[in-house]
Every structure is written in structure tokens, then in C-alpha cells.
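Asks: heads up, no residue letters with this:
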């Protein structure tokens, strides 16, 4: 085998190394990389030098570029000036357009204002005739839906009921559809049968109840004109309790209804009747009146939802902060004409002013409808419905045609003997227990007459302002039950009291029919 020389061995080794990617290959690559890097740096240095020392051609190009920029800037400035002129013209057009729109809007507003003014004048005309009309009911939180069975009754039957009971309804909202009276208790929208209990001894509602209930349950202000003993308490009592029950339950109940009465006895009677409706509904009713301890009476006010009160004592509690009527939505003035006769007009106004001026349902019940009561209604009420029961739809003062009235004019000294003769005439034999009510004008006269009758052997009681409230209450209760068939009283018992089976009423002194001065408070 031929021998290889040294150079051939080296060449072979070099070739092998290259083939194997050995040290020789790496070195070559490294040399190439270094040469490439040197060339790149040389190029960068050349570019830097060229930048630092621009050629004449580059300088010319730069100046040309700058000139073009200046021309573009000038063109933009000219365009901007033209746009400003156009904008000013456009702004002027827009201003004119805005002015036109503003004028049109102002004209529309003026037309609307004139229309509202016309409506206001129409409203004021209606208010003058029947006072202001609310947008909705005074407080229609409970609402009223007529019973389908009542709706199904023939109109002839409804007309006969109205005619038979001499019901006259006057509604200022002439466009309102007539409402059918609730002729039977079963038509009342009462779901709790316990609240029907007070009517279990009656076959049907009284005329004032039947006619007033639909309007009261619907939140309307109502003036009820009906004689004493016609069931007015339940007429306003049923809607009162239903209204309070319809309100959201309160953790600390506030007074939501207020009933004002001219006398203590009537206030107590109303309270007694309302409790029959309120207790099944879980509501508390309080009664405040003069002649008793204020501190003890104040303790009964906690948790009260409705309050029955006489004007004097109620104002006392309002002034001292014990009673707050700011949430009252149901206000009743019972025996309103009597309230005015007793000089309570200013006191009643003070009470009503402490209740909400809007959203309040206001009721007035009265036996007569004289101008003084009409003026009071105009002050407090909103387009009230007037429900009149009887053959006197105008409500003017007049004698009751169903009562036999006799007037005897005599010497004052002969009155005692004539009184005894009348008592013996009407309380003898089988009529010995018949109830007779004797009225006197003044407290001292009542005391004297009571003593005189008792000295002649008659069983008699008395009610007047000089007696304590306990004595007055005891006398009235004994008379109602027939334990004492004779009762001598001043005008505190002249109106509103439910005293059954009174056969004869004797006025020893001719009753006072004119209003007393406003500052005379006979309740306290």
C-alpha cells in the first residue's frame, strides 16, 4: 500500500474536519462574520459622513421640499379663511333658524298659557258654584266597586227606593254618572263579617247611609243633610274604618281620621259606635273632650288611628303637641250647624288648618243647611256631593212637619204649675214610664227645674254644664235605659244623641236659635 506524505495527511485531516463541522469550519464562519460586521460599520460611517456633509444635489432637494411645504401651508391658510367666512355665514343662518324656532316655541307656550288660563277661569267658575274640583278623588286609596247584584237590579226598583225615602243628590260634577244607593247591607264592600255585626239588628241601611256610602267609599267629599237619629254616624263610620284599613300598616300608628263633635255626649256616642267597627279591624279609636282629667285622657292617645273630639279639648291637645293631625286623610264635622250655633267656627277652622290641605277627604253632616254651614263647606271642601234626606231638599230651617208642635204663651210665674200638669198628663197610668225630655236655656235654670220636679216626687236626671262629666254620662245612660224616665237638659243634649222612645219634649224656655259669639266656648 502506497505511503502518504505529510501534506496529504494534513489535507485529508482538514477535509475531514470540514466535513465533520469541526474547528476549521467554525473559524471560517467566524472570519466571514467579522468581515461582514466591518463592512456594515464602514457603510454606517460613510452614511454619517454623507449626512454631516450633504452634497449640493441633496441640498437642492431639501430646499425644494421646504418650498412645497410653504406652498401647502399658504394654501391651507387661504382655505381656512374661506371656511371662516362660510362658517360665519352658516352661523348667521343657524342663529336665524334658532331665533325662528325660539319664536315658534314662545308662541306655542303663550297659546298653552292662554289655554290654561281659560281652563283656570272655567275651573274658578265651577269652584264658585261648587268649589274646587280635584284631579282625582280626595283620597281614593280604598276605592269603590259596585256589587254586581246591585248593578243587576232594575232601574225602576232604584228609582222607587229614592222616591220613597225622599233622597236628593246634588253633584257639582254634572258629567259624573249617577251612583246607585247601597240599598242592602250585603251590597257593602266589606269582606270581614265581624264588621257587619253592628247591623245585625237592622234589616236595611237608613236612607242617608244608602245614598252617602257609594260616594264616601269612592273618596268624594260629602255633605249629608238628614235629621237627628237618621244613622249618620254609621254613614261616615263605615267608610272611615275602610279607609284606614286600606292604608299600609304602620309600626307606630298615626292619626288618620278625625271626627269633631259639638258636645261631649255626642262625641262619646260616636266613639262607642266607631269602636264596633274598629275593633274587628284591629284599629284603636280614642275620644277626647272637656270636663275630665287631661293627663289621664292623654294616656289613651297611644297607638290611635282615629280620634273623636270636641273642639275645645282637641285644640288644647294640638297646641301642646299631644295630638298631631298632619297625616289625617279623613275629616268629619258632625252636626256642623250645631257647631256653629255653639260658637265653634274659629276653633273648627284652627283644627282643619292642622290637617293636610290636599289629599284630604272632608265630610259634613248636619240636620239643616243654612247659609252659615254653606260658607263653612265652601272653606274646607272640594266639589262636595250633597245628599239630602227628606221633603226639604233646600235644607232651609223649618219646623219638622212630622211632629205636633204646640206653643203656649204665659206668665213666667205660671210655668212651674203648667209643667207639673203636663208631666202628670203624659206620665200617668200605662204611660208612667214614658220618657220625657225637658229643655232649659240656661244651666242655673236647668238645676232649678230639676230640683223642683224631684221635689214633687218624679224620678228625674239632669245634663248641663255645671255637672261633672261622670254625672252627665250617668244621667244620660239612665235615661236611655229607661231607669230614669225624666231628663232635664240644656242644649248639650239638643242634637245628635240617639235616645230611643222619647214621647214628649217640653221647652221650659224658648230655645236659642241664633249663633253665639265666636269666643264663647261651652265645651270646656
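Replies: That came through fine. Values in this document were obtained by computation on a predicted structure and should not be read as measured data.
Asks: for the stretch 301-450 of the chain, which spans come out with low pLDDT?
Replies: 394-401 (pLDDT under 70).
Asks: Show me the helices in it, by range?
Replies: 311-320, 336-341, 345-353, 371-380, 415-426, 443-455 (DSSP state H, counting those that start in this stretch).
Asks: Can you say which of the ones you listed is nearest to residue 200?
Replies: Closest of these to residue 200 is helix 336-341, at 30.1 Å (criterion: Cβ to Cβ). For the C-beta atoms, the positions are set from N, CA and C on the backbone; glycine is no exception.
Asks: tell me what that closest one is packed against?
Replies: Under the contact criterion of 3 or more Cβ pairs under 8 Å, 6 or more residues apart in numbering; DSSP states H and E, helix 336-341 touches strand 361-366, helix 371-380.
Asks: hmm, back to that, just say which of the helices of the stretch 301-450 of the chain is most tucked in.
Replies: helix 336-341 (a mean of 24; mean count of other Cβ atoms under 10 Å).
Asks: got any ranges where the stretch 151-300 of the chain has weak pLDDT?
Replies: 175-177.
Asks: Pull the contacting residues for residue 308.
Replies: Applying Cβ atoms under 8 Å, 6 or more residues apart in numbering, one finds that residue 308 lies in contact with 259, 261, 267, 270-271, 274, 285-288.
Asks: and with 7 Å instead?
Replies: Listed by Cβ atoms under 7 Å, 6 or more residues apart in numbering, the contact set of residue 308 reads 259, 261, 267, 270-271, 274, 285, 287.
Asks: is it in a bridge, and if so with what?
Replies: In this entry, residue 308 is beta-bridged to residue 259, residue 287, by DSSP bridges.
Asks: and the gap between it and residue 236?
Replies: 11 Å (Cβ to Cβ, to the nearest Å).
Asks: And for residue 189?
Replies: For residue 189, the distance to residue 236 - Cβ to Cβ - is 16 Å.
Asks: Settle it for me: which of the two has more neighbours?
Replies: residue 236 (27 against 16; other Cβ atoms under 10 Å).
Asks: Surely the more buried one is in contact with residue 333?
Replies: No - taking Cβ atoms under 7 Å as the definition, residue 236 is not a contact partner of residue 333, at 10.0 Å.
Asks: How about residues contacting stretch 372-379?
Replies: Stretch 372-379 is contacted by residues 131, 223, 336-337, 340, 345, 364, 366, 384, 515 when judged by Cβ under 7 Å, 6+ apart.
Asks: actually stretch 295-302, not the one I typed
Replies: Here stretch 295-302 makes contact (Cβ under 7 Å, 6+ apart) with 286, 288, 322-323.
Asks: and if you look at stretch 260-271?
Replies: Here stretch 260-271 has contacts from 233, 259, 285, 287, 289-291, 308-311, 314, 332-335, 338-339, 342, 344, 348, 351, 469, 472-473, 476, 492-493, 496-498, 523, using Cβ under 7 Å, 6+ apart.
Asks: Narrow those to just the buried residues.
Replies: Applying 16 or more other Cβ atoms under 10 Å to these, the neighbour count classes 233, 259, 285, 287, 289-291, 308-311, 314, 332-335, 338-339, 342, 344, 348, 351, 472-473, 476, 492-493, 496-497, 523 as buried.
Asks: Other residues contacting stretch 421-432?
Replies: Contacts for stretch 421-432 (Cβ under 7 Å, 6+ apart): 434, 436, 458, 485, 503-504, 506.
Asks: repeat that for 6 Å
Replies: If you take Cβ atoms under 6 Å, 6 or more residues apart in numbering as the criterion, stretch 421-432 is touched by 434, 504.
Asks: Break this structure down into its domains, please.
Replies: 18-52, 148-389, 412-507 (automatic domain parsing).
Asks: between these, which gets nearest to residue 68?
Replies: domain 18-52 (21.6 Å).
Asks: mean confidence for that closest one?
Replies: Computed over domain 18-52, the mean pLDDT rounds to 54.
Asks: For residue 484, give me phi and psi.
Replies: Main-chain torsions, residue 484, degrees, to the nearest 10: phi -120, psi 110.
Asks: can you check residue 428 too?
Replies: Torsion angles, degrees, to the nearest 10, at residue 428: phi -140, psi 150.
Asks: tell me, how many neighbours does it end up with?
Replies: 10.
Asks: Then residue 471?
Replies: 15.
Asks: ok but it is inside a helix, no?
Replies: Yes - counting by DSSP: H, G, I helix; E, B strand; the rest coil, residue 471 is found in a helix.
Asks: Enumerate every residue touching it.
Replies: Residue 471 touches nothing, counting by Cβ under 6 Å, 6+ apart.
Asks: And it, how close does it get to residue 464?
Replies: 10 Å.
Asks: Flag every buried residue along stretch 464-484.
Replies: Buried residues in stretch 464-484, counting neighbours by 16+ other Cβ under 10 Å, are found at 464-465, 467, 472-473, 475-476, 479-480, 484.
Asks: So which of the residues you listed is the closest to residue 280?
Replies: residue 480 (24.2 Å).
Asks: Average pLDDT for the helix or strand hosting that closest one, rounded please.
Replies: Assigned by DSSP states H and E, residue 480 belongs to helix 469-481. For helix 469-481, mean pLDDT is 84.
Asks: relative to helix 443-455, how tilted is it?
Replies: 50 degrees (axes from the mean of the first three to the mean of the last three Cα atoms, to 10 degrees).
Asks: which element follows helix 469-481 toward the C-terminus?
Replies: Note on helix 469-481: by DSSP H and E, the next helix or strand toward the C-terminus is strand 486-489.
Asks: which residues sit against that next one?
Replies: Here strand 486-489 makes contact (Cβ under 6 Å, 6+ apart) with 436-438, 446, 449-450, 458, 460-463, 479.
Asks: how about those in JSON lines, adding distance to residue 170?
Replies: Shown next, in JSON lines, are the contacts of strand 486-489 (distance: Cβ to Cβ, whole Å):
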{"residue": "436", "distance to residue 170": "38"}
{"residue": "437", "distance to residue 170": "33"}
{"residue": "438", "distance to residue 170": "38"}
{"residue": "446", "distance to residue 170": "39"}
{"residue": "449", "distance to residue 170": "42"}
{"residue": "450", "distance to residue 170": "44"}
{"residue": "458", "distance to residue 170": "47"}
{"residue": "460", "distance to residue 170": "44"}
{"residue": "461", "distance to residue 170": "41"}
{"residue": "462", "distance to residue 170": "41"}
{"residue": "463", "distance to residue 170": "36"}
{"residue": "479", "distance to residue 170": "37"}
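Asks: closest to residue 185 among those residues?
Replies: Once Cβ to Cβ is applied, the member of the contacts of strand 486-489 that ends up nearest residue 185 is residue 479, at 29.4 Å.
Asks: my guess is residue 283 meets residue 303, correct?
Replies: No - look at residue 283 against residue 303 with Cβ atoms under 6 Å: they stay out of range, at 9.4 Å.
Asks: who's more crowded, these two?
Replies: Shown here are residue 283 and residue 303; by other Cβ under 10 Å, residue 283 has more neighbours (21 against 12).
Asks: tell me the secondary structure for that one?
Replies: Under three-state DSSP, residue 283 comes out as coil.
Asks: nearest residue to it other than its sequence neighbours?
Replies: Distances taken as Cβ to Cβ, 6 or more residues apart in numbering put residue 305 closest to residue 283, at 4.6 Å, once the chain neighbours are dropped.
Asks: now for the host helix or strand of residue 210, which elements pack on it?
Replies: Taking DSSP H and E as the criterion, residue 210 maps to helix 207-217. Packing contacts for helix 207-217, counted by 3 or more Cβ pairs under 6 Å, 6 or more residues apart in numbering; DSSP states H and E, involve strand 222-225, helix 232-246, strand 385-389.
Asks: one step back: would you mind giving the helices and strands packed on helix 336-341 as JSON lines with distance to residue 213 added?
Replies: Formatted as JSON lines, the helices and strands packed on helix 336-341 follow (distance: least, Cβ to Cβ, whole Å):
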{"stretch": "strand 361-366", "distance to residue 213": "12"}
{"stretch": "helix 371-380", "distance to residue 213": "20"}
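Asks: Fine by me, we can end here.
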